[in-house]
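In: Sequence and predicted structure below; questions after.
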Amino acid sequence: MDKILEALVSSSHPLNVKRAIVKKVMEAAEKEVTEEQCQALYHLTTRLILLGEDAFQRQVGLQVQEAYARYHRDEFARFFSKQYLLGLLQQGYGSLDHRDPAILDFVHGSLRLLISCPAVLELAPLLQTEVLRIICERPEPATCAKLATILTDFPQCVPREKAGVLFCQQLVRTFAYFNCPATEERELREYVTQVTRVSVLLQSIWKAEPATLLPSLQEVFAIISSTDPSFEPSIALASLVQHIPLQMITVLIKSLTTDQNVKDASMTQALCRMIDWLSWPLANHVDTWVIALLKGLAAVQKFTILIDVTLLKIEQVFNRLWYPIVRQAALVVLSHMLLSFQHSPEAFHLVVPHIVPLVKSLKNDGLPNSKTFLLQFAELVHCMMYQYSGFPDLYDSILESIKELPKPNEEKIKFVLNQSAWSSQSNSFASGLLMITGKSETGKTGLVNLGNTCYMNSIIQILFMATDFRRHVMSLHLNGSNTLMKKLQLLFAFLAHTQRAAYSPRSFLEGSRPPWFTAGSQQDCSEYLRFLLDRLHEEEKTLSELQVNSPKPEPASTSAETLNNAVSQPVADMPLNPDPVAPKGDGRTLVERMFGGRLSTAIRCLQCHSLSEKEEPFTDLSLAFCPSMSKCHGPTDEHKSSSSVGPCQGAVNGGSESSEGSVKEGAGTRIERPVEEPTLSVPDLVDYFLAPEILENENCYFCERCASLQRAEKVMRVVAAPEYLILTLLRFSYDATCHVRRKILDNVGIPLHMSLPLRQHGISVTSSSSDSPESGENLAKKLKPSQKEDVMTENRTNGKTNDSDSELLSVPYVLSSVVVHSGMSSESGHYYSYGRNVSNTDGSVAHPSSTPLESSSLSERSTATQEEMGCTDNKSTDWFLFNDSRVTYTNSESLRNVTGRFPKDTAYVLIYRKQEVGGQPSNPGSVVNGSRLSGEPPLQKELMDAITKDNKLFLQEQELNARARALQATSASCSFRPNGSDDNEPPGSCGPSGGGGGGGFNTVSRLVF
């Protein structure tokens, strides 16, 4: 029979004839057949099955063998003996290798033919040994899938006890070697099916033998935590995660995170590879395990790992959102990683460029679940922008793309952020030091945040953008000195010429930080600005005196010793003397010439009409909010009278602003909402500052002529306008009722051009009629801005103005820079600044008329001027946005709308540049050493040498970083741990709630971004 069958399948007869004869052969199996004939047929059919030339021959072999094995099972059992099976599994068959899946298919089919025979039990021990040996040889996924099918159908062939544990461990390790080079969808689907089949086998073994589970999981961790650069385990391991009982999460994660034998590098590698598993389709619970491990690491304060992994993998996780099959799990992990990474916006800013394209794709893809997913994603984005407010240039396009989607309320955002934070303390590093390469397209240099130093960075940048001041500083000859001015000059030189994207101002911080400022904590930028200008002013005066009093000054020794002694001299003891770098005959310092103005204060007794006048210098004006302007959350009249009606004497006379203390906002403080109407403007606040004030009740004036307390009228006038007008908006007021400090969130209009009223040749004081019922009221401070003009007209009608010896002029100013505070508290939040290059000689800047003013109100004139010249101030490259290390282009529209778009972001310090009047230079100080500064001065040799040296060092650093990144790509993750002064602590964001500040979250320390 075997000869007939062999001749038949190789003959040229028609296929239907062959099938008919094969049918007869199969029917003959029911009849009695000798054992010799059976064995011959089994050998023939085996050869046809394994080595058949075509599908017909293989099909004939299967059919005939099955027919004869059914009726002659004992003979088939003797044929499929241990020796025969062992030969197949170890040596193969003919030209087939023993690893060929066809061999396992034949074994599987043969076992099925013997399923009810005792022979299967006899073969089981042999198969238990052989499957373990096969798995140890790391077979391909197809072979493993065939083996898994055999063991699933014949569980008695699965290794037991210790061999079972070893088998599971080796099978897990074999998973790590799976790979799929195919690119066709059919092949990919087949690969996924094969992997799934093997993972189901492991699940069944774990259920039958629970003792094999923990060793298997230990093997999984050993594989994914390997730091061997030559080995990258397959993400097919992800298919095992769904079979691990969820109730084991707590125990396993605690065991992993507290095991002292697990190195940080290994844990980092393991976590990164688990995140890679998100790419595996159809795998459930991967996100659950990833988040559990992240939380476990946070619980044991392994923040270095969390920081490294987040920065390394956040973009990869975000990219998974593009694929619907893994989108939901990826969003869960992305949300946790972003919401818990609260010490720095760096992780969020890595994905910011990809948000808008993803939102557009989700809106247009038409999938039924995209809308729900988009709502969840938009909520996450809103939470992150709230957490890290202060980046309008990054967020404007995002807000535009999600504007029609619901926005979570503030309480929900706070709750989500508070629940997600893995710690308020983190690894000590300053944001901005990571991933810095070349300069931005602006060509401007950022400043590295050294630990809550955004207050200093924003001030340095606006001083640098004060073009004429910068040019004068760069023109000073200070070679060899160690003064603060020299440090500022060096810092300006680096900002102008370094190749770094961001420069670290550590030396300047150490030299300029006020003694009462706590290192590493948030500070008031306006307070820092006053201290800085005061130091520069007093230092220059002292140096001048030393040079004048020295009979034979020797520059080489003076610059090193006497200058250092001068710096250490108390400010109050420093005498006034001419500025050594000022024009001949001018005794003013550079600070006085650039920022100094003079303010005259006159108080007239309303009883005897005696007049007391005093003139004093100022470097900035502190502008309070009128109670009627700021409504319930503004300063009180008493606050205005006691602390803000006078100028902040600042750098020239050493005064300070009493209303800007460092009182932390109470825990129960509610967030004040900005008042939309009426819209205030800077000129409104200047008007309010200069408005007459009645001193009465507890603020009565002691008149020397009357020798008693009397009602009096107080009037202030600017009598000398500064080249750079610094305006500080008093946004932090004290609520005496609730005993808390609140931030005034009013949206103040910022005109690009404005005029300052200047009184010359004396001062005009409004004398009120004693019989007028309104004579004792300061009406300008009681009414809304819209009523101000009428009230001022009434004041002029009810009184008389002594203008015989004075003239009120309009001094034109153009906006140069603005510092914005983002947050809710004076000692939390974040500072960033807008700036542009403006000098008094810029031809593109308007020159308003200098004709005498007929009204004291600035609003009308400023608005008209702004409308006339607004067309020249909307260029996209006119303005720069300085945000610590980040510098970007922006425009005036973004500046003026920042509070409207981001209610916590409010203008705080503004600098206006005085413009030329009538074609004449507005400042004689624009001439240094006999020459007019019309461009950037040449770089002095000492500065050039320092910059050249640092630029070479930067290139070397870039080369080393490139090598380090290449090594890190195939080895353990590295963490950045800068060493240095206490400014490295704390390393997070500028406020208790992180970036945005004022969020009200309870944290251990303030963090900087």
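Out: All right, it came through fine.
In: Do you have the strands of the stretch 451-600 of the chain handy? List them.
Out: Along the stretch 451-600 of the chain, the segments classed as strands by DSSP state E, counting those that start in this stretch run 502-503, 597-605.
In: Ramachandran angles for residue 446?
Out: Phi and psi for residue 446, reported as degrees, to the nearest 10, are phi -80, psi 180.
In: Same question for the one 5 residues further on.
Out: Residue 451 adopts backbone torsions of phi 110, psi 90, taken as degrees, to the nearest 10.
In: elements contacting the longest strand along the chain?
Out: As assigned by DSSP state E, the longest strand anywhere in the chain is strand 807-822. Judged by 3 or more C-beta pairs under 8 Å, 6 or more residues apart in numbering; DSSP states H and E, strand 807-822 is in contact with helix 454-464, strand 753-760, strand 830-835, strand 905-914. All C-beta spots, glycine's among them, are computed from the backbone N, C-alpha and C.
In: Parallel or antiparallel, which strands does the second one pair with?
Out: Spelled out, it's strand 753-760. strand 807-822 (antiparallel) (DSSP bridges).
In: Buried residues, the strand it pairs with. List them.
Out: For strand 807-822, a neighbour-count test (16 or more other C-beta atoms under 10 Å) marks 808-822 as buried.
In: Likewise for stretch 940-949?
Out: Within stretch 940-949, the residues that count as buried by 16+ other C-beta under 10 Å are 940, 942-943, 946-947.
In: Past the helix or strand hosting residue 89, which element shows up next along the chain?
Out: Using DSSP states H and E, residue 89 falls within helix 82-91. Beyond helix 82-91 on the C-terminal side, the first helix or strand identified by DSSP H and E is helix 101-113.
In: which residues touch that following helix?
Out: Contacts to helix 101-113, defined as C-beta atoms under 8 Å, 6 or more residues apart in numbering, come from residues 46, 49-50, 62, 65-66, 69-70, 73, 76, 80, 85, 88-89, 92-93, 96-97, 120, 123, 142-143, 145-147, 149-150, 153-154.
In: Now the element after the helix or strand bottoming out on mean pLDDT in the chain, going C-ward?
Out: Counting by mean pLDDT, DSSP states H and E, the weakest-scoring helix or strand in the chain turns out to be helix 650-653, with a mean of 35. Counting by DSSP H and E, the next helix or strand C-terminal to helix 650-653 is strand 680-681.
In: Quick check: can you name the pairing partners of that following strand and their directions?
Out: Strand 680-681 has these strand partners (DSSP bridges): strand 748-749 (parallel).
In: pLDDT averaged over the partner strand - what is it?
Out: Mean per-residue pLDDT for strand 748-749: 91.
In: related to what we said a few turns ago, so which of the strands of the stretch 451-600 of the chain comes closest to residue 729?
Out: strand 597-605 (17.7 Å; C-beta to C-beta).
In: tell me which of the buried residues of stretch 940-949 is nearest to residue 733?
Out: The shortest approach to residue 733 among the buried residues of stretch 940-949 belongs to residue 943, at 43.6 Å (C-beta to C-beta).
In: you'd agree that closest one is in a helix?
Out: Yes. Counting by DSSP: H, G, I helix; E, B strand; the rest coil, one finds residue 943 located in a helix.
In: contacting residues for it?
Out: Contact analysis of residue 943 by C-beta under 8 Å, 6+ apart lists 489-490, 493.
In: What is the neighbour count of residue 376?
Out: Neighbour count of residue 376, defined by other C-beta atoms under 10 Å: 12.
In: correction: residue 31
Out: Considering only other C-beta under 10 Å, residue 31 is surrounded by 7 other residues.
In: Could you do residue 404 as well?
Out: Here the number of neighbours of residue 404 (other C-beta under 10 Å) works out to 8.
In: follow-up on the earlier one: what is the nearest of the contacts of residue 943 to residue 705?
Out: residue 489 (51.7 Å).
In: Pick out the residue nearest the middle of this structure.
Out: Nearest to the mean C-alpha position of the chain, by C-alpha atoms, centre = their mean, lies residue 345 at 1.4 Å.
In: For that one, give its distance to residue 352.
Out: Counting by C-beta to C-beta, to the nearest Å, the gap from residue 345 to residue 352 is 9 Å.
In: what do you get for residue 339?
Out: 15 Å.
In: Kindly report the same for residue 361.
Out: Remark: distance between residue 361 and residue 352 (C-beta to C-beta) = 16 Å.
In: the more surrounded of those two?
Out: Between residue 361 and residue 352, counted using other C-beta under 10 Å, the more crowded position is residue 352 (19 against 13).
In: per-residue confidence for the more buried one?
Out: According to the predicted model, the pLDDT of residue 352 comes to 93.
In: Going forward, count from 47.
Out: Renumbered: residue one is now 47, and that last one reads residue 398.
In: Quick check: it touching residue 440?
Out: Yes. Using C-beta atoms under 8 Å, residue 398 is in contact with residue 440, at 5.4 Å.
In: burial measure for residue 592, as a count.
Out: 18.
In: no, scratch that, I was asking about residue 743
Out: Residue 743: 11 neighbours (other C-beta under 10 Å).
In: can you give me the angle the longest strand of the chain makes with helix 500-510?
Out: 140 degrees (axes from the mean of the first three to the mean of the last three C-alpha atoms, to 10 degrees).
In: Please compute how far strand 853-868 lies from its chain's middle.
Out: Centre-to-centre, strand 853-868 and its host chain are 32 Å apart (C-alpha atoms, centre = their mean, to the nearest Å).
In: now the angle between strand 643-651 and it, please.
Out: 110 degrees.
In: angle of strand 853-868 against strand 951-960?
Out: Using the same axes, to 10 degrees: strand 853-868 against strand 951-960 is 150 degrees.
In: check contacts around residue 393.
Out: For residue 393, the contact set (C-beta under 8 Å, 6+ apart) comprises 356-357, 360, 383-384, 387.
In: Go ahead and list the helix or strand containing it.
Out: In the assignment (DSSP H and E), residue 393 maps to helix 392-410.
In: ok and the helix or strand following that helix relative to helix 392-410, angle-wise?
Out: Toward the C-terminus, helix 392-410 is succeeded by helix 416-433 as the next helix or strand (DSSP H and E). Going by the same axes, to 10 degrees, helix 416-433 is angled at 150 degrees with respect to helix 392-410.
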